[in-house]
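Peer 1: please work out how this folds:
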Amino acid sequence: MREQAIEFTRSSGVLPSIKLQQEENLLPYVQAMYEAGARVVEVTMTTPGALNAFSAIASHFGDKVLAAAGTVLTASAAHAAILAGARVIVSPAVVPEVIETAKTYGVACYAGAFTATECLAALRCGADMVKIFPAALGGPRYMLNLRMVFPQIRLIPSGGITPETAGEFIRCGADAISGARNFMDRQMVERHGLKWITERIAAYIAIVAQARAEQPSR
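Peer 2: Residues are numbered from 1 along each chain as shown. The predicted structure is shown next:
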């Protein structure tokens, strides 16, 4: 399951995040993301009913879509998310006990970091991918700098990425892009329906694919 999650994330090139203020059925949102090509969907632990959402996603989609638990800050939260059905644990920081819990249960863990020191700590703790936040602060070329010193690192920039910059992040060495606002906007959904999510994610996946086609082998 761990390798599948990593492969799903890297192959689609996107890790869309769902963050809501109230509990509701998230399956239609996940379905819209799946139809666009997303195979790992993050639901933040700050979303009411997140544990129920992980169970519902696992039951409805099976191995077609893997639920990622986002904003995981403690080992107990990671444990609860995994038991509920999450197959990826995402933390906004390097939290060793969170990474260790994910490893114990054989699920992938994406740790949050920004500096080279934080990236090194994530790698040493066993994080499978490193989520760089806020990515817009460093910009696309910051990915190049990180990969120069950590060629083995798998990077997921998040925060402030736009359709205009997404391709450059990939060309500079990112494995996937992530975010909440990139892929889900309640006002746009209310105006255009869930098809807006599908079209938005499909557009980002196409940008990633084009950037990879232009990227030199590494």
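Peer 1: check contacts around residue 83.
Peer 2: Residue 83 makes no contacts at all, as judged by Cβ atoms under 8 Å, 6 or more residues apart in numbering. Just so you know, the C-beta spots here come from the backbone N, C-alpha and C atoms, and that holds for glycine as well.
Peer 1: so where's this protein uncertain?
Peer 2: Applying pLDDT under 70 to the chain flags residues 216-218.
Peer 1: need the residues that contact the longest helix belonging to it.
Peer 2: Using DSSP state H to define each element, the chain has its longest helix at helix 195-214. The contact list for helix 195-214 (Cβ under 8 Å, 6+ apart) reads 12-14, 16, 29, 32-33, 35-38, 163, 166-171, 176-177, 182-185, 188-189.
Peer 1: and the helices in this structure?
Peer 2: Secondary structure of the chain (DSSP H): helices located at 2-12, 27-36, 50-61, 75-84, 96-105, 116-125, 135-138, 141-149, 163-171, 186-192, 195-214.
Peer 1: which of the ones you listed sits closest to residue 67?
Peer 2: Checking these against residue 67 by Cβ to Cβ gives helix 50-61 as the closest, at 4.2 Å.
Peer 1: contact partners of the closest one?
Peer 2: For helix 50-61, contacts defined as Cβ under 8 Å, 6+ apart pick out 18, 23, 25-27, 30, 34, 41, 43-44, 47, 65, 67, 69, 80-81, 84-87.
Peer 1: which parts of that helix are buried?
Peer 2: 50-51, 53-54, 56-58, 61 (16 or more other Cβ atoms under 10 Å).
Peer 1: could I get these as TSV with distance to residue 112?
Peer 2: Listed next are the buried residues of helix 50-61 as TSV, based on distance: Cβ to Cβ, whole Å:
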residue	distance to residue 112
50	17
51	21
53	21
54	19
56	25
57	22
58	24
61	25
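Peer 1: returning to that earlier point: now the buried members of the contacts of helix 195-214.
Peer 2: Counted by 16+ other Cβ under 10 Å, the contacts of helix 195-214 give 12-14, 16, 29, 32-33, 36-38, 166-171, 176-177, 182-184, 189 as buried.
Peer 1: burial check on the spatially closest residue to residue 97 that is not a sequence neighbour, number of neighbours?
Peer 2: Distances taken as Cβ to Cβ, 6 or more residues apart in numbering put residue 75 closest to residue 97, at 4.1 Å, once the chain neighbours are dropped. Around residue 75 there are 17 other residues, counting by other Cβ atoms under 10 Å.
Peer 1: check contacts around residue 75.
Peer 2: Contacts here follow Cβ under 8 Å, 6+ apart; on that basis residue 75 touches 97-98, 100-101.
Peer 1: most surrounded residue in those?
Peer 2: Sorting the contacts of residue 75 by how many neighbours each has (other Cβ under 10 Å) puts residue 98 first, at 27 neighbours.
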